[in-house]
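Student: turn this into a model:
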Amino acid sequence: MVAGVTGDETLECSVPDMDCPSCAGKVGRALERVTGVYVYDANPTAGTVSVGYDSEECSPSDITDAIERAGYPVEPRSTATPGTTDSVPRAVFLSRRGQKTWLSGALALFGLLVLFVVPTADVLVAVVLDRGLSLSDLLFLAAVVAAGETILRNGYRSFRHLSLDIDLLISIAIIGALAASFGFGAGLYLEAALLAFLFSVAELLERYSIDKARRSLRSLMELAPARATIRRDGEEVTVPVGSVAVGETILVRPGEKIPVDGVVTDGESAVNQAPITGESVPVDKVPGDEVYGGTINESGYLELEATAIAEDSTLSRIISLVEDAQATRTEREQFVNRFARYYTPIVVGLAIITATVPPMLLAEPLTVSIAAGVSHTFPAAWDVWFLYGLTVLVLACPCAFVIATPVSVVSGITSAAANGVLIKGGVHLESMGEVRAVALDKTGTLTRGELTVTDVIPLNGHTEADVLRCARGLEARSEHPIGEAIVEHAVEREVERPKVSAFESVAGKGVEAAVHGTTHYAGKPTFFAELGFDLNHVHAATDGGVVTTKSRSLCERNDCLDLLDETIPALQSAGKTVVLIGTEDELEGIIAVADDVRPEARRTVERLHEFGVEHVVMLTGDNDRTARAIAREVGVDDYRAELLPAEKVAAIDDLLAAHGAVAMVGDGVNDAPALASATVGIAMGAAGTDSALETADVALMGDDLGRLPYLIALSQRGNRVIRQNIWSSLGAKGILAAGVPFGLVPVWAAVLVGDAGMTIAVTGNAMRLSRVTPDE
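Tutor: Residues are numbered from 1 along each chain as shown. Model prediction:
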């Protein structure tokens, strides 16, 4: 009933007191008894419950009543998010339970003072069930009542729902200590008081630790402002952000947060997009540019047209996907949960054996030699072994190692989201840490995915401006990406557009047109060879940065370039596309166009190797010559060129067979089959791409390949933290349990170290993931 949430209706509830797996189990069992509830997902790490139900068989109040009868107050989801971050410590420690806990502690402290500091005041004050009670005994009993009321009530609910959790175990321990004291004169009032007080402290600390982990998601939710300024009916009004409709005009002043996704219609400003894309430098926005809700307007005034309502914004989708990811159970978490089902009953059995078997077998104390000169005397008194049994019972709760994985996953996923990396589930965070091979698409991943002019080589006495002016006129009517790149470059260089007529596109070769009345051509070298040009002997006006050894020796005499055998191949071997410009009588120049390699690409490949990635390969559908040039420039270990989508899948399969775990990085659209085939599929620049957000396992929200090594580092450290948490919590409980029969572990140590201490330790260790940054 937890695989997904479906049904006629879905109810989302915030259950902040549900902060451990046993709590979630208790809530789940309560929901299973509600007729009409078909599916639920109780997520203790997030403190939320999603319920799918039939609206004809039950109502939302039936569901919330069931959860509250299990002992967990329900809050509306809308009140559980923004604005609560700073109040968490105060809310936890000064809550009603917190006040009862501190009262219990004060009563227990007074009892200890009377018992050990002022023993003359510890006089007999009452007789109950033929047992005399001293002043310290009464203070200890009062401490049990103050803190134990909540524990026993929760323990009763656990018993009613057949849940063998920590509330039931501690309740049994407290009742057992009191029963032994009143029934057999064991005098375990102090132990009962310490159990009640220290367990209550442990619960408060656990709640604080879990809330600290939850705050990382709250910080994402708080990125969006609560209100927006819009223009309605010609007037400026401030409204709740949830009431902004698509198409409305939003006014954003300097320093304000952008409320929803939109397009700039007026004004210019730098916008800090770090909350969404992780970009460290604000991005200039002008009319026509897209902006995201939750980003910050740094300097100028902007007017926007809303393109999405608040709940459909990029930020909202990210938060929704992060919440879903937190609920996804990793393989380690599933293993731990299976292990916990056996752990608790086994340890409870050991507690019963510890309390009953030794006193039945030992008529008198038994001294055993442990090592040379070292021995230990095991008592025969049944009350001592009964206390030992209660101590082992306290250690039967698996909370610390059960939350070891989910709290680490929450910390890792929310930290990644804050740095512009959206991880769609703990399983992908875990898998990225095991990746040993990375496949990178070329276009749009290693390169920018946008053609730019890299070289302009004037010929036969013409200047660079002459060549660009003519090229701008020829390509102005072209719709080819190469032509668009040339025109854009000319515009950037402020080269004017000449008068052009008689434009004609020559399919597969180039274009021709009359520029100022003279016929000009722009196109491939083969096009000009067909026009009768001798490309082996052309006079150079400048070397343009691309002059070979042979050409240089010729140019010392007569400025000759061998375009066909030297200059053009040199440009093409660098992965560039060559366009010649000329008339019917002479060549005027050469323009080289290329998809620029990202400046961070080579360093990214180097860092992947530093983080233990054994093999980095580039997969592309481009020609072999271009692929070889790009592969050499970025430093990948291998490349495969001229691949169709199905052949990219085959390449991924080969990598999986050779290396086990493979990550594929692409654009999330034409690389979709390969992304799906890889262990982890990673989409680049997904902030504005719905399909990438929905289909990729991981989305790099900004157009920054440098986030890939960060993702690897975060995942590797996350896996280490999870292993540390699981084995340290298990080891601590094992050591404590082994020390109980030797009298080395008092009951307070079992509560503070075995339960609260380890819960705080694993949570604190998990929170270290938030300190992993892209700059490391």
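Student: only C-alpha atoms from now on, for both contacts and neighbour counts.
Tutor: Will do.
Student: list the buried residues for the helix or strand where residue 107 lies?
Tutor: Assigned by DSSP states H and E, residue 107 belongs to helix 96-112. Under the neighbour-count criterion of 16 or more other CA atoms under 10 Å, helix 96-112 has 97-98, 100-105, 107-112 buried.
Student: could you tell me the end-to-end distance of stretch 418-428?
Tutor: Stretch 418-428 has an end-to-end distance of 17 Å (criterion: CA to CA, to the nearest Å).
Student: repeat for stretch 372-380
Tutor: Termini of stretch 372-380 sit 24 Å apart (CA to CA).
Student: could you pull out the buried residues of it?
Tutor: 378-380.
Student: what's the closest of these to residue 633?
Tutor: Closest approach to residue 633 among these (CA to CA): residue 378, at 73.1 Å.
Student: hmm, back to that, what's the following helix or strand after the helix holding residue 107?
Tutor: Counting by DSSP H and E, the next helix or strand C-terminal to helix 96-112 is strand 124-128.
Student: tell me what that next one is packed against?
Tutor: With contacts taken as 3 or more CA pairs under 8 Å, 6 or more residues apart in numbering; DSSP states H and E, strand 124-128 sits against strand 131-134.
Student: which of the helices or strands spans residue 428?
Tutor: For residue 428, the host element (DSSP H and E) is helix 426-432.
Student: in this protein, which helix or strand is least confident?
Tutor: Lowest on mean pLDDT, DSSP states H and E among the helices and strands of the chain sits helix 549-558, with a mean of 41.
Student: what does the helix holding residue 107 contact?
Tutor: 92-93, 135-137, 139-140, 142-147, 150, 190, 193-194, 197, 200-201, 204 (CA atoms under 8 Å, 6 or more residues apart in numbering).
Student: still on that earlier bit, need the next SSE after the helix holding residue 428, C-terminal direction.
Tutor: Per DSSP H and E, helix 426-432 leads on to strand 437-441 as the next helix or strand towards the C-terminus.
Student: packing partners of that following strand?
Tutor: Packing contacts for strand 437-441, counted by 3+ CA pairs under 8 Å, 6+ apart, involve strand 615-619, helix 645-659, strand 662-666.
Student: between strand 437-441 and the second one, find me the angle.
Tutor: If you take axes from the mean of the first three to the mean of the last three CA atoms, to 10 degrees, helix 645-659 sits at 160 degrees to strand 437-441.
Student: chain center to the helix holding residue 428: distance?
Tutor: 10 Å (CA atoms, centre = their mean, to the nearest Å).
Student: got it, and stretch 384-395?
Tutor: Relative to the chain's own centre, stretch 384-395 is displaced by 41 Å; criterion: CA atoms, centre = their mean.
Student: please report how far the residue nearest in space to the middle of the chain lies from residue 318.
Tutor: Using CA atoms, centre = their mean, the residue of the chain that lies closest to the mean C-alpha position is residue 413, 1.9 Å off. The gap separating residue 413 from residue 318 is 11 Å, by CA to CA.
Student: so for these two, which residues contact both of them?
Tutor: Here residue 413 and residue 318 have residue 422 as joint contacts, going by CA under 8 Å, 6+ apart.
Student: returning to that earlier point: and the helix holding residue 107, average pLDDT?
Tutor: For helix 96-112, the mean pLDDT works out to 93.
Student: and if you look at stretch 511-529?
Tutor: For stretch 511-529, mean pLDDT is 86.
Student: same question for stretch 607-620.
Tutor: What stretch 607-620 shows for mean pLDDT is 93.
Student: which residues does it contact?
Tutor: Applying CA under 8 Å, 6+ apart, the contact partners of stretch 607-620 are 435-443, 605, 627, 631, 636-643, 648, 708-709, 712-713.
Student: list the contacts of residue 528.
Tutor: residue 580.
Student: tell me the secondary structure at it.
Tutor: Secondary structure assignment for residue 528 (DSSP: H, G, I helix; E, B strand; the rest coil): helix.
Student: where does the stretch 551-700 of the chain have low pLDDT?
Tutor: For the stretch 551-700 of the chain, the stretches flagged by pLDDT under 70 are 551-565, 668-670, 686-695.
Student: and the helices in it, which stretches?
Tutor: 568-573, 601-610, 624-634, 645-659, 672-677, 690-695 (DSSP state H, counting those that start in this stretch).
Student: before we move on, the earlier item: and the residue nearest to the centre of the chain, its phi and psi?
Tutor: Here the main-chain torsion angles of residue 413 (degrees, to the nearest 10) amount to phi -70, psi -40.
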